[in-house]
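Student: Prediction below, plus the sequence it came from.
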Amino acid sequence: MNGHEIGQIAQALGFAAEGNLSLKVSRLAEPAEAGPEDLAVALEPRYGEGLAAGRARAAILWPGADWRALGLEAVIFVERPRLGLAALTAHFDAPEKAPGWPGIHPLAAVDEGAELGVGAQVGPFAVIGPGVRVGARARIGAHVTIAAGAEIGDDAVLHPGVHIGRRVRIGKRFFAHSGVVVGADGFSFVTAERSHVEEVRENLGSETAAAGSGQPWLKIRSLGGVEIGDDVEIGANSSVDAGTIRPTRVGAGTKIDALVQVGHNVQVGRNCLLCAHVAVGGSARLGDNVVLGGQAGVADNIRLGDGVVAGGATKILSNVPAGRALLGYPAMKMENHIESYKALRRLPKLFRDVARLKKSVSKTGDND
């Protein structure tokens, strides 16, 4: 069969291996579902139990595992499980090939003023506007649109249905999944006269606000565009809005999950992680290495220092110093939130205890 020899995999990834190193495997599989031609992935002892249910002859295991007792013929050892998984999946993931055509598909619309780097490929029904610059070896999928004057660096991969707006500059090795929109107008409106929203912002609802003055909302246009650094990945159906005057910025190495909204004028630092359903309000600033768990929200115009970590569904309403771990709504130190949550769960018992004490005191008073 065609496949990868255990010894070659281990050597390529720098891992230790034992047993029949010439044994070939064709794909990765979970232990219980692995067949004779699969490499079972059991990076921790708790996953090793599934090997008995499968038919794997080779596996990748934790250091010190007794692979012979597990009925295996060959093994690869990995010290750090998730790091090992990153290396393995990259090794087994064949590089994404072009959609099947060299150069520019005849059904693509590429303006004569656009510049395509050496080896760039453009899929059917893609539209590339005037003044666009696409780097070498970039792969532009079907139905992608790139607006006038946008710049995309070398080795970019834009999956079908990605939309890149005007005044957008993107670095090298950009990876955008289907449905990504970079450079749409920010959500910014104003009324000709002072609105009830402005009143609420000022008095926090302490005074009754008008139900609305009936004034139309006037659009504030987004002229600042977007700047994205090298090695950024954006998940399916996420959006990064254009800045009003200055660009919205996403730093190099940042990874954005699916269904994430980055508002206008936001500044995201380097090597950040924004998980699914995160929303970052306009003009917020995120430092380097910030991690926002799923459904976390960041209010507009606030600052998060370097290394801030927010757990899932955290709602951040004020500035946060560097290195702080947060959880909850409103966000607080993670340890404090956990204590508060424990106390909240104890409240019903506390109320019952207080009721019993009140009843006991009341009976004592009656006896007097």
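Tutor: That came through fine.

Student: Where does pLDDT dip in the chain?
Tutor: For the chain, applying pLDDT under 70 flags the ranges 1, 94-101, 208-213, 364-368.

Student: May I ask you to name the longest helix in it?
Tutor: Across the chain, the longest stretch assigned as helix under DSSP state H is helix 334-367.

Student: Please parse the chain into its domains.
Tutor: Using automatic domain parsing, the domain parsing of the chain gives 4-92, 103-164, 333-367.

Student: mind listing the helices for this structure?
Tutor: For the chain, the helices defined by DSSP H occupy 6-13, 45-48, 81-92, 196-203, 334-367.

Student: Need those in CSV (columns: distance to residue 303).
Tutor: Just so you know, the C-beta spots here come from the backbone N, C-alpha and C atoms, and that holds for glycine as well. CSV is the format used below for those (distance: least, Cβ to Cβ, whole Å):
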stretch, distance to residue 303
helix 6-13, 40
helix 45-48, 41
helix 81-92, 30
helix 196-203, 19
helix 334-367, 19
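
Student: between these, which gets nearest to residue 237?
Tutor: helix 81-92 (22.7 Å; Cβ to Cβ).

Student: Report the distance from that closest one to the chain centre.
Tutor: 18 Å (Cα atoms, centre = their mean, to the nearest Å).

Student: likewise stretch 126-138?
Tutor: With Cα atoms, centre = their mean, you get 25 Å for stretch 126-138.

Student: which other residues reach that stretch?
Tutor: Contact with stretch 126-138 is made by 105, 108-122, 140-158, 166, 172, as judged by Cβ atoms under 8 Å, 6 or more residues apart in numbering.

Student: In that stretch, which residues are buried?
Tutor: When burial is assessed from 16 or more other Cβ atoms under 10 Å, stretch 126-138 yields the following buried residues: 126-129, 132-135, 137-138.

Student: Return the residues in contact with the spatially most central residue of the chain.
Tutor: Central residue of the chain (Cα atoms, centre = their mean): residue 257, 2.4 Å from the mean position. With contact taken as Cβ under 8 Å, 6+ apart, residue 257 is in contact with 235, 238, 273-276, 278, 294.

Student: rewinding a little: for residue 205, find the nearest of the domains of the chain.
Tutor: Of all the domains of the chain, domain 333-367 comes closest under Cβ to Cβ, at 24.9 Å.

Student: Show me how far the closest one is from its chain's centre.
Tutor: Domain 333-367 sits 42 Å away from the centroid of its parent chain (Cα atoms, centre = their mean).

Student: Could I get the contacting residues of residue 42?
Tutor: The contact partners of residue 42, taken as Cβ under 8 Å, 6+ apart, are 31, 48, 50-51, 59-62.

Student: rewinding a little: can you list the helices of the chain in TSV and add distance to residue 306 and mean neighbour count?
Tutor: What follows is the helices of the chain, written out as TSV (distance: least, Cβ to Cβ, whole Å; neighbours: other Cβ atoms under 10 Å):
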stretch	distance to residue 306	mean neighbour count
helix 6-13	31	18
helix 45-48	34	14
helix 81-92	23	14
helix 196-203	29	13
helix 334-367	17	10
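
Student: Out of those, which gets nearest to residue 301?
Tutor: Here helix 196-203 is closest among those (Cβ to Cβ), at 11.3 Å.

Student: how much space between residue 140 and residue 103?
Tutor: Distance of residue 140 to residue 103, computed by Cβ to Cβ, to the nearest Å: 11 Å.

Student: Can you pull the residues that touch both of the two?
Tutor: With Cβ under 8 Å, 6+ apart as the test, residue 140 and residue 103 both reach 120-122.

Student: Might one say that residue 28 is in contact with residue 91?
Tutor: No: applying Cβ atoms under 8 Å, one finds residue 28 not in contact with residue 91, separated by 9.2 Å.

Student: for the nearest residue in space to residue 262 that is not next to it in sequence, what are its contacts?
Tutor: In this structure, residue 262 finds its nearest non-sequential neighbour in residue 240, 4.4 Å apart by Cβ to Cβ, 6 or more residues apart in numbering. By Cβ under 8 Å, 6+ apart, residue 240 lies in contact with 181-183, 226, 228, 234, 248, 250, 256, 262, 266.

Student: count of residues packed around the closest residue to residue 280 other than its chain neighbours?
Tutor: Of all residues not flanking residue 280 in the chain, residue 298 sits nearest, at 4.6 Å (Cβ to Cβ, 6+ apart). Residue 298 has 29 neighbouring residues, counting by other Cβ atoms under 10 Å.

Student: Show me what residue 298 is bridged to.
Tutor: Note on residue 298: beta-bridge partners by DSSP bridges are residue 280, residue 316.

Student: Identify the residues contacting it.
Tutor: With contact taken as Cβ under 8 Å, 6+ apart, residue 298 is in contact with 278-281, 284, 286, 292, 304, 316.

Student: May I see the PyMOL selection of the buried members of the contacts of stretch 126-138?
Tutor: PyMOL command restricting the contacts of stretch 126-138 to the buried ones, with burial defined by 16+ other Cβ under 10 Å:
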select buried, resi 105+108+110+114+116+117+120+121+122+140+141+142+143+144+145+146+147+149+150+151+152+153+154+155+156+157+158+166+172
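
Student: Filter the contacts of stretch 126-138 down to just the ones in strands.
Tutor: 109-110, 115-116, 121-122, 140, 145-146, 151-152, 157-158 (DSSP state E).

Student: which of these lies closest to residue 82?
Tutor: residue 157 (23.3 Å).
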